[in-house]
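K.L.:
Would you be able to build a 3D model of this:
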Amino acid sequence: MTVLAMEYSDMTKPVSIAVFVPAYNAAKTVGWVLERIPQDAWDVIRTVFIVNDGSTDDTIATVTALTKIYPKVVLHSLPQNLGYGGAVRKGLELCLEVGTDYVVCLHADGQYPPEKMLEFVHYMRDHQVDVLQGSRHKDGTALQGGMPLYKHVAGKCLTWLENRIFGLRLTDYHSGYMLYSRKAVGMLPLAQLSQSFDFDVEVIAASRRRNLKIDERGIPTHYGDEESHLNPITYGLRVLHVLWRYVRGHYDPR
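P.N.:
Residues are numbered from 1 along each chain as shown. The predicted structure follows:
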């Protein structure tokens with residue numbers, strides 16, 4: 001039996017999870033995200049890294065206070081603002097170092113559901129999934145959850161093209177709610193991926209070229225009054241650039 005088969009064969013073994021939260025000016029919302037993590041998830045979480053990406057508000061002070069309430073929370077401040085992709089890369093690297101089975105990316109604005117974390121990890125284990133994307137469209141919750149119509153239409157168009165290029169049948173590539181197996185994190189060329197918001201699409205591209213199993217699960221959609229730092233036009237152009245580079249072999253293993 002191969003090492004990989006052995007890893008997946010013991011479904012009775014408790015899973016271990018490491019979580020990271022890329023945080024930029026998230027003082028008002030990061031505590032709410034931690035509050036929503038269920039206790040059964042906390043029981044198997046080894047560490048929650050809050051990756052402070054050069055925040056200019058009270059994020060550092062807020063997280064420092066939260067570490068006294070949540071002993072598994074660790075603040076890691078980047079020396080400067082590296083952008084979303086830079087913060088996610090550091091979060092993945094930190095989680096890989098603690099030797100966990102699965103890694104979960106939670107956003108600090110609370111838009112994505114911490115409540116689904118353990119359910120999704122169990123799904124990954126049971127179905128041998130390496131990269132799991134939370135989809136706002138799979139269960140038809142996008143518009144009901146407040147997604148602007150222009151984002152809904154643009155996302156559908158990009159997803160159609162992404163499925164054609166990647167040979168997948170996902171409904172959402174852009175939610176940012178991403179879960180990884182330890183195997184996937186170890187195989188991804190993190191240092192070569194973008195420092196911007198197209199990082200997650202590059203993860204899919206690089207995973208596809210490495211024959212990692214990619215899947216999705218539906219998540220509720222929540223658009224509140226949180227501040228978005230994503231320019232939709234620039235982001236769309238970046239996604240198209242990722243697709244062009246994928247076709248050109250940029251994400252092939254070296």
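K.L.:
which stretches of this protein aren't confidently modelled?
P.N.:
1-12, 142-148, 150, 152, 222-229 (pLDDT under 70).
K.L.:
Recalculate using a threshold of 80.
P.N.:
1-13, 139-155, 221-230 (pLDDT under 80).
K.L.:
which residues in it form helices?
P.N.:
Residue ranges of the helices in the chain, as given by DSSP state H, are 3-9, 30-35, 39-42, 59-69, 84-97, 117-127, 149-166, 182-187, 199-209, 232-247.
K.L.:
Flag every buried residue along the fourth one.
P.N.:
Residues 59, 62, 63, 66 are the ones in helix 59-69 that count as buried (16 or more other C-beta atoms under 10 Å). Heads up, the C-betas are built off the backbone N, CA and C, glycines and all.
K.L.:
Kindly report the same for the fifth one.
P.N.:
Of all the residues in helix 84-97, those buried under the rule 16+ other C-beta under 10 Å are 84-96.
K.L.:
Same question for the second one.
P.N.:
By neighbour count on 16+ other C-beta under 10 Å, the buried set for helix 30-35 is 30, 31, 33, 34.
K.L.:
Show me how far that helix is from its chain's centre.
P.N.:
In terms of C-alpha atoms, centre = their mean, to the nearest Å, the centre of helix 30-35 is found 17 Å from the chain centre.
K.L.:
what's the neighbour count on residue 189?
P.N.:
By other C-beta atoms under 10 Å, 15 other residues sit near residue 189.
K.L.:
again but with residue 220, I slipped
P.N.:
16.
K.L.:
again with residue 254
P.N.:
Residue 254 has 5 nearby residues by other C-beta under 10 Å.
K.L.:
Now for it: which residues touch it?
P.N.:
residue 189 (C-beta atoms under 8 Å, 6 or more residues apart in numbering).
K.L.:
ok, for the residue nearest in space to the middle of the chain, nearest residue in space, not its chain neighbours?
P.N.:
The centroid of the chain falls nearest to residue 178 when counting by C-alpha atoms, centre = their mean (2.8 Å). Spatial nearest neighbour of residue 178, chain neighbours left out: residue 105 (4.7 Å); criterion: C-beta to C-beta, 6 or more residues apart in numbering.
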